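[1] kindly return the folded structure for what I paste below:
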Amino acid sequence: MKNFIRTGRAAAGWTQAELARRACLHPKTIAYWEVRAATHVARGYGPEQIRRAFADAGITFEPGSMRIVDAQ
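    Alright, predicted model coming up:
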């Protein structure tokens, strides 16, 4: 998936600020990774926190696909 962060935010209906709050990151970190994830493999603390925030909302990513599970 070219940009899992933007795709995940759209699926969750979150702004960058909301994702940052849920991932315990600064909003500028979310903006940075949205740009960087389009051209680089997202690794490290920031992307892992982002993945966890999505997983807590029932959104998971696998190579080439996104899965949304009703987390209610």
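[2] any low-confidence regions in the chain?
    Flagging of the chain using pLDDT under 70 yields the residue ranges 1-2, 37-44, 63-72.
[3] could you pull out the helices in it for me?
    Applying DSSP state H to the chain gives helices spanning 4-12, 16-23, 27-36, 45-56.
[4] report the angle between the longest one and helix 16-23.
    For the pair helix 45-56 and helix 16-23, the angle between their directions (axes from the mean of the first three to the mean of the last three C-alpha atoms, to 10 degrees) equals 90 degrees.
[5] since we're on Ala20, how many residues are nearby?
    20 (other C-beta atoms under 10 Å). Bear in mind the C-beta positions are built from the backbone N, C-alpha and C, glycine included.
[6] what does the one 4 residues further on give?
    Per other C-beta under 10 Å, the neighbour tally for Cys24 reads 10.
[7] before we move on, what about Arg22?
    By other C-beta under 10 Å, the residues close to Arg22 number 17.
[8] for the nearest residue to it once chain neighbours are set aside, what are its contacts?
    Spatially, and ignoring its direct neighbours in sequence, Arg22 is nearest to Ala53 (4.1 Å; C-beta to C-beta, 6 or more residues apart in numbering). Ala53 is in contact with 19, 22-23, counting by C-beta atoms under 8 Å, 6 or more residues apart in numbering.
[9] swap the cut-off to 10 Å and go again
    By C-beta atoms under 10 Å, 6 or more residues apart in numbering, the contact set of Ala53 is 8-9, 12, 14, 18-25, 30, 59.
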